[in-house]
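Novice: Just to be clear, the model below is a prediction. Sequence and coordinates:
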Amino acid sequence: MNVAVFPGSFDPLTNGHVDIVERSLFLFDRVVVGVLANPSKTPLFSPDERVALIEAQFKRNKRVKAQAFDGLLVSFAKKIGAKTIIRGLRAISDYDYETQMALTNRKLAPKLETVFLVAREENSYISSTVVKQVAKYGGDVSGFVPKVVEKALRNVFER
Ligand code: PNS
């Protein structure tokens, strides 16, 4: 079984992330969306909430699973039997950070390969950070995130 891990903060899941997962399914048997539980920035959604939103979005697809992880990505990948890390590339500005991570991960785990999927044009400007800003000030995020996330954002900011 060819398992890949798609790691990230997913705070929250966006249409860009959904597209990367769906396209990864053409390449891999199973995709585990790895939700970093301890990012340096304070997240809007807890790890459990982020996992639940991803599971809700992909509930009809048994080949996609979401799981929170702590610590090094390479250790998590080993634990779940993933041989590939998937990351999405939006613009050239992502390149520096992404190659730095890929090279670090390769040094730590030489057999673990990183594969970059280029974001679709229509998703190439979407980020979780911008989505949160728009939602915070009452803007329409329906074009940026799945329905289940839109609802969750509304719940948070209407509180
Ligand atoms: O969505 P993000 O915030 O760009 O995802 C970054 C993530 C989670 C992939 C990265 O921070 C990560 O892998 N963190 C785990 C710690 C780790 O393994 N660090 C060494 C490689 S940079």
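Specialist: Looks like it arrived, so ask away. Numbers count the residues shown, from 1 in each chain.
Novice: What residues does this protein have near the ligand?
Specialist: Listed as neighbours of the ligand in the chain under the rule Cβ under 6 Å from any ligand atom: Pro7, Gly8, Ser9, Leu36, Leu72, Leu73, Met101, Thr104, Asn105. Just so you know, the C-beta spots here come from the backbone N, C-alpha and C atoms, and that holds for glycine as well.
Novice: what's the helix or strand for the closest residue to Gly71 other than its chain neighbours?
Specialist: Nearest residue to Gly71, sequence neighbours excluded (Cβ to Cβ, 6 or more residues apart in numbering): Asn38, at 7.9 Å. Using DSSP states H and E, Asn38 falls within no helix or strand.
Novice: So Asn38 sits against Leu72, correct?
Specialist: No: with contact defined as Cβ atoms under 8 Å, Asn38 does not reach Leu72; the gap is 11.2 Å.
Novice: which of these two has more neighbours?
Specialist: Leu72 (13 against 10; other Cβ atoms under 10 Å).
Novice: What pLDDT is listed against the closest residue in space to that one that isn't next to it in sequence?
Specialist: Spatial nearest neighbour of Leu72, chain neighbours left out: Leu108 (6.9 Å); criterion: Cβ to Cβ, 6+ apart. pLDDT for Leu108: 98.
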